[in-house]
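*Asks:* no sequence for this one, just the structure:
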């Protein structure tokens with residue numbers, strides 16, 4: 001993902017002021033006046049709250065510190081607003097995604113890399129892969145890191161756990177990892193159950209020498225299902241709505257018993273892709289903490305409350321000394337400074353040769369001499385070839401306060417690679433493009449940055465209000481004029497870069513029937529009409545357009561809700577400009593456009609981890625702007641908006657509950673072939689783009705830079721960039 005430094009002059013000055021305020025040591029909110037320039041050259045002054053570290057400016061809807069009730073399903077239904085949106089009907093080109101095609105580093109070939117990598121362990125013993133990151137990890141507890149603390153920074157730094165199956169790099173083919181073959185993924189009906197029996201490798205050990213067995217897989221599933229964990233990835237990995245139980249047939253055979261037949265989402269991309277944790281480490285700690293005993297004899301609401309408390313207990317357990325089985329072991333963490341992983345000398349895949357052939361074949365050749373291949377006969381040219389490491393002694397992740405500081409460290413040789421889901425700001429490209437020691441690559445992305453609503457609170461619970469907001473937000477103007485093409489608008493809940501699953505049938509608010517983007521005047525008129533149809537009025541002047549000044553009239557009344565109450569003060573949380581100037585810029589414009597129609601919104605630009613805490617852990621927010629990196633198979637369409645996820649720590653932080661959605665999206669969990677799943681995914685995209693629990697905003701391509709004078713990668717063409725690759729630290733080779 002990209003950022004742009006050279007915006008319109010006034011906006012540059014405004015963001016500069018915001019960055020200075022955000023870096024101030026005081027924890028109190030900073031009130032900053034910002035001048036922004038409109039499409040016609042007119043200027044507007046807005047007020048923004050910046051609380052970079054720990055600030056917690058509550059919006060008007062926040063009435064107490066009591067826990068927020070969740071999953072109440074009190075949404076106000078959508079009305080007919082079809083005259084105010086446009087439906088491409090599947091025709092035309094994908095709009096706006098102008099990210100450059102993937103490029104491959106020119107300073108190495110696949111064969112050269114493979115030869116260098118094959119000798120890496122002996123030649124590079126004790127070397128360090130040095131990485132720059134921009135936010136700290138929040139936990140070393142893997143249960144929490146993939147639950148309520150499910151942040152990209154935790155996923156970057158914490159070593160991955162073993163899985164039965166995984167996705168191949170570049171092609172994203174579904175391939176065995178701990179499992180022995182693909183055939184075992186078949187599900188057979190056995191009495192009242194649907195069963196899949198997985199045979200596992202018997203040569204994999206934890207870092208303390210204990211074998212990785214089927215018992216570890218069974219244990220991990222039991223913890224997740226017994227505690228009812230749905231936060232982060234756990235709800236999709238071990239879904240009690242499908243799994244009855246999992247048993248170890250023997251040490252290296254696991255049988256998965258489903259009471260309801262799952263589809264691709266909950267079988268291949270769910271249970272079979274789930275992380276496996278070491279039973280001999282975690283079981284004693286869980287027993288000592290009384291995690292399971294606290295649930296004994298409870299049912300219904302009492303059980304649900306006890307499960308939530310037990311989850312918190314689990315998340316708080318120290319993971320110090322946890323044995324791992326991947327290429328790297330977690331070594332140390334200095335909060336606010338760095339984290340370090342050390343190479344695992346006993347990694348089971350060390351020395352495995354991986355080859356991608358032009359006919360689509362994926363092949364693995366093990367040190368033992370055995371070879372397996374999938375999805376082809378191994379014909380054609382070799383596209384990619386490498387040997388799995390680790391090829392370095394350690395990976396160190398150092399935290400930098402800004403991209404400027406990290407770029408300087410890259411140029412000075414202090415770090416080898418930058419990890420950032422936002423990518424390198426284009427404004428910093430000139431500092432590295434001419435450096436012969438550094439290679440820059442660009443890839444398309446599979447992600448979204450979005451505005452979401454807490455639908456438990458009025459007026460965010462009203463579909464008409466959300467549709468009016470979507471109409472007012474001129475994504476095209478911000479992306480093309482303000483951000484000068486760095487970002488491109490998104491129009492559906494599956495990004496266009498994910499071509500296999502994207503639907504162009506999703507309605508687009510803010511567009512005329514002929515497919516043209518509405519003018520500012522048309523947007524104001526349409527938003528007012530949508531709100532008036534739903535019973536909203538204004539305490540004073542109805543918002544309008546001033547043709548003489550070519551701007552919104554300056555004296556709109558305050559919005560009045562259909563029940564006669566004045567609209568409450570609404571807080572819009574968004575990352576600070578020091579973290580992501582693109583999202584902070586969108587937040588400023590959203591605040592401006594909503595205030596123009598009498599909606600009392602204040603943007604609160606604050607720290608990333610502050611927003612995550614407020615939104616997902618506390619669910620104490622009105623509206624917020626964040627982003628997701630997305631999976632290829634779009635089962636997140638269910639996980640982000642399902643009622644079962646509308647709980648504290650759940651993915652559905654906005655509490656969206658809709659019976660029509662539940663009926664449709666639930667089928668996405670049981671469809672078992674691509675064609676059927678595609679039809680459902682398209683229908684869900686249309687429904688969500690009408691209901692709008694999110695307003696999807698934009699994405700960017702992703703620019704990454706690495707010090708090619710010191711390291712090399714076997715490939716650089718990858719959807720969402722190198723940082724989306726599986727186990728990239730085990731593939732890097734130090735020169």
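*Replies:* Happy to help now that I have it. Note that this is a predicted model, so its numbers are computed, not measured. Numbers count the residues shown, from 1 in each chain.

*Asks:* Please name the bridge partners of residue 704.
*Replies:* The residues listed as beta-bridge partners of residue 704 by DSSP bridges are residue 441.

*Asks:* Can you give me the neighbour number for it?
*Replies:* A total of 21 residues lie near residue 704 under the criterion other CB atoms under 10 Å. Placement of C-beta: from N, CA and C, glycine included.

*Asks:* now it: how far from residue 158?
*Replies:* Here the criterion is CB to CB, to the nearest Å. By it, residue 704 lies 20 Å from residue 158.

*Asks:* do the same with residue 310
*Replies:* For residue 310, the distance to residue 158 equals 22 Å [CB to CB].

*Asks:* Same check on residue 413?
*Replies:* 26 Å.

*Asks:* which one of these two has more residues nearby?
*Replies:* Set side by side, residue 413 and residue 158 show unequal neighbour counts under other CB under 10 Å, the larger going to residue 158 at 23 against 12.

*Asks:* And the residue nearest to the more buried one when sequence neighbours are not counted, how far from residue 315?
*Replies:* Once flanking residues are discounted, residue 158 sits nearest to residue 145: 5.5 Å by CB to CB, 6 or more residues apart in numbering. The spacing between residue 145 and residue 315, counted by CB to CB, is 9 Å.

*Asks:* Using the record's assignment, carve this structure into domains.
*Replies:* According to automatic domain parsing, the chain comprises the domains 110-136+326-351+388-445+703-734, 161-316, 446-700.

*Asks:* wait, doesn't residue 457 sit right on residue 623?
*Replies:* No - applying CB atoms under 8 Å as the test, residue 457 and residue 623 come out as separate, 9.5 Å apart.

*Asks:* of these two, who's got more company?
*Replies:* Per other CB under 10 Å, whichever of residue 457 and residue 623 has more neighbours is residue 623, with 26 against 22.

*Asks:* Phi and psi next, for that one.
*Replies:* Note on residue 623: its backbone torsions stand at phi -140, psi 150 [degrees, to the nearest 10].

*Asks:* next one: the one 10 residues further on
*Replies:* Per-residue torsions, residue 633: phi -70, psi 120 (degrees, to the nearest 10).

*Asks:* Grab the nearest non-local neighbour of it.
*Replies:* The spatial neighbour of residue 633 that comes closest, neighbours along the chain excluded (CB to CB, 6+ apart), is residue 269 at 5.0 Å.

*Asks:* For my notes, confirm that neighbour occurs in a helix.
*Replies:* No - according to DSSP: H, G, I helix; E, B strand; the rest coil, residue 269 belongs to no helix; its state is coil.

*Asks:* For it, which residues are in contact?
*Replies:* With CB atoms under 8 Å, 6 or more residues apart in numbering as the criterion, the residues that contact residue 269 are 174, 236, 631, 633, 635.

*Asks:* swap in residue 518?
*Replies:* With contact set as CB under 8 Å, 6+ apart, residue 518 has these partners: 471, 474, 510, 511, 512, 526.

*Asks:* now what about the strand or helix carrying the last one, what contacts it?
*Replies:* Same thing as residue 526. Per DSSP states H and E: residue 526 is located in helix 520-533. With contacts defined as CB under 8 Å, 6+ apart, helix 520-533 is touched by 38-39, 79, 81, 84, 464-465, 467-469, 471-472, 474, 510, 512, 518, 542-545, 547, 551-552, 559, 593, 596-597.

*Asks:* Which ones among those residues map onto strands?
*Replies:* Per DSSP state E, strands hold the following members of the contacts of helix 520-533: 545, 551, 552, 559.

*Asks:* which ones are touching the last one?
*Replies:* Taking CB under 8 Å, 6+ apart as the definition of contact, the neighbours of residue 559 are 459, 531, 536, 538, 539, 566, 567, 597, 598, 599, 600.

*Asks:* how does it look with 7 Å?
*Replies:* The neighbourhood of residue 559, defined by CB atoms under 7 Å, 6 or more residues apart in numbering, consists of 536, 538, 567, 598, 599.

*Asks:* Need those residues in a markdown table (columns: pLDDT).
*Replies:* Supplementary listing: the contacts of residue 559 in a markdown table, determined by pLDDT from 0 to 100:
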| residue | pLDDT |
| --- | --- |
| 536 | 98 |
| 538 | 98 |
| 567 | 97 |
| 598 | 97 |
| 599 | 98 |
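
*Asks:* Buried residues, stretch 341-352. List them.
*Replies:* When burial is assessed from 16 or more other CB atoms under 10 Å, stretch 341-352 yields the following buried residues: 341, 342, 343, 344, 347, 348, 349, 350, 351, 352.

*Asks:* so which of the residues you listed comes closest to residue 572?
*Replies:* residue 341 (36.9 Å; CB to CB).

*Asks:* Wait, residue 439 touches residue 709, no?
*Replies:* No - using CB atoms under 7 Å, residue 439 makes no contact with residue 709, being 9.0 Å away.

*Asks:* List phi and psi for the closest residue to residue 725 other than its chain neighbours.
*Replies:* Leaving aside its chain neighbours, residue 725 sits nearest to residue 169 (4.8 Å; criterion: CB to CB, 6+ apart). Recorded main-chain torsions at residue 169 are phi -60, psi 160, according to degrees, to the nearest 10.

*Asks:* Do a quick rundown of the helices in the stretch 201-350 of the chain.
*Replies:* Across the stretch 201-350 of the chain, reading from the start of the chain, the helices by DSSP state H, counting those that start in this stretch fall at 214-226, 234-237, 279-288, 300-316.

*Asks:* With residue 258 as the reference, name the closest of these.
*Replies:* Evaluated with CB to CB, the helices of the stretch 201-350 of the chain place helix 214-226 nearest to residue 258, the distance being 11.9 Å.

*Asks:* returning to that earlier point: now the buried residues of stretch 341-352 in JSON lines, with pLDDT and distance to residue 386?
*Replies:* Putting the buried residues of stretch 341-352 into JSON lines (pLDDT from 0 to 100; distance: CB to CB, whole Å) gives the following:
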{"residue": "341", "pLDDT": "97", "distance to residue 386": "20"}
{"residue": "342", "pLDDT": "96", "distance to residue 386": "22"}
{"residue": "343", "pLDDT": "96", "distance to residue 386": "17"}
{"residue": "344", "pLDDT": "96", "distance to residue 386": "18"}
{"residue": "347", "pLDDT": "96", "distance to residue 386": "15"}
{"residue": "348", "pLDDT": "94", "distance to residue 386": "17"}
{"residue": "349", "pLDDT": "94", "distance to residue 386": "12"}
{"residue": "350", "pLDDT": "95", "distance to residue 386": "13"}
{"residue": "351", "pLDDT": "95", "distance to residue 386": "11"}
{"residue": "352", "pLDDT": "95", "distance to residue 386": "10"}
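
*Asks:* which residue sits closest to residue 612, ignoring its sequence neighbours?
*Replies:* Spatially, and ignoring its direct neighbours in sequence, residue 612 is nearest to residue 151 (6.1 Å; CB to CB, 6+ apart).

*Asks:* from memory that neighbour sits against residue 139, does it?
*Replies:* No - the criterion here is CB under 7 Å, and residue 151 misses it with residue 139 at 9.3 Å.

*Asks:* Comparing those two, which residue is more hemmed in?
*Replies:* With neighbours defined as other CB under 10 Å, residue 151 and residue 139 compare such that residue 151 has more, 21 against 18.

*Asks:* Kindly provide the distance from the more buried one to residue 405.
*Replies:* Using CB to CB, one obtains 21 Å as the distance from residue 151 to residue 405.

*Asks:* on that earlier part again, can you pull the pLDDT of the residue nearest to residue 612?
*Replies:* According to the per-residue confidence, residue 151 scores 90 in pLDDT.

*Asks:* Just read off the phi/psi values of it.
*Replies:* For residue 151, the backbone dihedrals are phi -110, psi 160 (criterion: degrees, to the nearest 10).

*Asks:* where's it relative to residue 252, distance?
*Replies:* Remark: distance between residue 151 and residue 252 (CB to CB) = 34 Å.

*Asks:* ok, the most far-flung residue of the chain relative to its centre - contacts?
*Replies:* Taking CA atoms, centre = their mean, the residue of the chain most remote from its mean C-alpha position is residue 548, at 44.3 Å. When contacts are counted by CB under 7 Å, 6+ apart, residue 548 is found next to no other residue.
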